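>>> Sequence first, then the predicted structure:
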Amino acid sequence: MSVPLLIQTSINKSRGETAGQVKKFRLSGKFLMRKAFVAGNWKMNTDSQGSVSLADGVACGSMDIAGRSVDVAVIPPFVYLQAVVRALNQSHIAVGAQDMYYEEKGAFTGEISTSMLKDAGCIYVLCGHSERRHVIGESDELVNKKVTAAISGGLLPIFCVGEKLEEREASQTNEVVTRQVKRGLAGLDVEKVSAVTIAYEPVWAIGTGRTATPQQAQEVHAMIRKLLGQMYDAQLAEELRILYGGSAKPGNAAELMREQDIDGLLVGGASLNADDFVAIIKAAV
Ligand code: 13P
């Protein structure tokens, strides 16, 4: 089974030189880098045939760069995970799940554990996606339990945060995102947090066609990175990847990823079309 060539597992792990877009920075005289990462969240879309042909199309179109110059993941519905893992077997594209439960096994009807997801071939798992927070009603505390269990179970969480429109309009963006980050990562030490990718997804930009401007996104990403520096240390803050999500598409991907603190994209709608998603992956290189 293939895995992405570069997976963040520990901040102490040395990073290989890559040809793609990396954010390089200097810290205490050392050069460090963040490799670009593009993930496609298929949400509640596709079917058994469509999920495999979409995976094939993405693998085909990004063959020369996926896993090398840019880390790539697709995040299908649970029932298609194994078929998609099989379809991507010869590629360097990782597969992630859209959610998980924090208990390992037992009487939790309808839920799915980290070991089941690993068994199915998952590398990543989304935790705290805004649709789970606001449609299903997940709290920061529940999201924290999921992030913690994901790391303990050997999955790499993509931990999502983001403010609602009324919160942005009331100038509460920083306050809301700060609270989500602090509560979502509560109790995790620097080593564990190094397994996390953060995704900033302003709720008002998701599925609306209304993308945050690169400057709006960059401001929040920089704020999150500063916060991580306060919560942990400067190295962790510089090494952790922070993705943007919310109406990302081929036409705006490059300008978003050009920003200093935007290390990649978490793509919804545009990841359902192989050509569009491949174009976004290419924009990261
Ligand atoms: P859209 O790209 O469709 O706005 O969705 C973003 C998202 O929620 C990805 O997780």
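Okay, I see it. Numbering: from 1, shown residues only.

>>> Quick check: the residue of the stretch 1-150 of the chain nearest the ligand.
As assessed by CB to the nearest ligand atom, the ligand sits closest to residue 41 within the stretch 1-150 of the chain, at 3.7 Å. Backbone N, C-alpha and C define where each C-beta goes, glycine included.

>>> That residue reaches residue 75, doesn't it?
Yes - applying CB atoms under 8 Å as the test, residue 41 and residue 75 come out as touching, 4.6 Å apart.

>>> In space, what's closest to residue 280 - neighbours in sequence excluded?
residue 253 (4.4 Å; CB to CB, 6 or more residues apart in numbering).

>>> For that neighbour, list the residues it contacts.
Shown in contact with residue 253 (CB atoms under 8 Å, 6 or more residues apart in numbering): 265, 279, 280, 283, 284.

>>> Can you list the buried residues in the helix or strand harbouring it?
Under the criterion of DSSP states H and E, residue 253 resides in helix 250-257. For helix 250-257, a neighbour-count test (16 or more other CB atoms under 10 Å) marks 250, 252, 253, 254, 256, 257 as buried.

>>> hmm, back to that, got the contacts of residue 253 as TSV, with secondary structure, neighbour count and distance to residue 203 columns?
Shown next, in TSV, are those (DSSP: H, G, I helix; E, B strand; the rest coil; neighbours: other CB atoms under 10 Å; distance: CB to CB, whole Å):
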residue	secondary structure	neighbour count	distance to residue 203
265	strand	30	16
279	helix	18	25
280	helix	28	21
283	helix	23	24
284	coil	25	24
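
>>> could those residues go into TSV alongside distance to residue 272?
Shown next, in TSV, are these (distance: CB to CB, whole Å):
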residue	distance to residue 272
265	14
279	13
280	12
283	17
284	18
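
>>> Which pair of these spans the longest distance?
265 and 279 (11.5 Å; CB to CB).

>>> looking at this, residue 227 is in a helix?
Yes - under DSSP: H, G, I helix; E, B strand; the rest coil, residue 227 falls within a helix.

>>> is it true that it touches residue 178?
Yes - at 5.9 Å, residue 227 counts as touching residue 178 under the criterion of CB under 8 Å.

>>> Overlap in contacts, residue 41 and residue 75.
Between them, residue 41 and residue 75 share the contacting residues 98, 126, judged by CB under 8 Å, 6+ apart.
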